[in-house]
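Asker: My questions concern the predicted model and sequence given below.
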Amino acid sequence: QVQLGESGGGLVQAGGSLRLSCAASGRTFSIYAMGWFRQAPGKEQELVAGITWNSDSTYYVDSVKGRFTISKDNAKNTMYLQMNSLKPEDTAVYHCAAAKGGYFRNPSSYAYWGQGTQVTVSS
């Protein structure tokens, strides 16, 4: 099993920045990729960004390209999401997730989930 825990959410004004962290523990050697998902009220969950465990490949949904950066520190088993130029439409609960296999751009590949952290962007 893999356990994930997010931190770093909060309230920020439009144009501001936040950095989310996701610490992984347990059988981290089994992780193939990690990703950040978000779900806003009344909307479907979406994969915002993904990264392979060795960081050689990344994915971003079009709406965050150029504003968000996903990264990992394997020594700390921690993944980050740097979010800049935040917009009110980025408001959502953000979950980190881990995949043991599959394709990191495919949301259905993710089997382990954190509890989520709220990000609220005010206009």
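Answerer: Looks like it arrived, so ask away.

Asker: if I pick residue 98, what's in contact with it?
Answerer: Contact analysis of residue 98 by C-beta atoms under 8 Å, 6 or more residues apart in numbering lists 2, 4, 24, 31, 33, 34, 35, 110, 111, 112. All C-beta spots, glycine's among them, are computed from the backbone N, C-alpha and C.

Asker: List the beta-bridge partners for residue 25.
Answerer: Here residue 25 sits in beta bridges with residue 3, going by DSSP bridges.

Asker: so how far is residue 12 from residue 58?
Answerer: Distance, residue 58 to residue 12, using C-beta to C-beta, to the nearest Å: 23 Å.

Asker: still on that earlier bit, of the contacts of residue 98, buried ones?
Answerer: Buried members of those, counted by 16 or more other C-beta atoms under 10 Å: 2, 4, 24, 31, 33, 34, 35, 110, 112.

Asker: How about the contacts made by the residue lying closest to residue 84 once chain neighbours are set aside?
Answerer: Beyond its immediate neighbours in the sequence, the residue positioned closest to residue 84 (C-beta to C-beta, 6 or more residues apart in numbering) is residue 17, lying 4.7 Å away. Neighbouring residues of residue 17 by C-beta under 8 Å, 6+ apart: 82, 83, 84, 85, 86.

Asker: contacting residues for the third one?
Answerer: When you say that, I think you mean residue 84. Neighbouring residues of residue 84 by C-beta under 8 Å, 6+ apart: 17, 67, 68, 69.

Asker: if I look at the most centrally placed residue in the chain, how far off is residue 123?
Answerer: Closest to where the C-alpha atoms of the chain average out (C-alpha atoms, centre = their mean) is residue 36, at 2.0 Å. For residue 36, the distance to residue 123 (C-beta to C-beta) stands at 23 Å.
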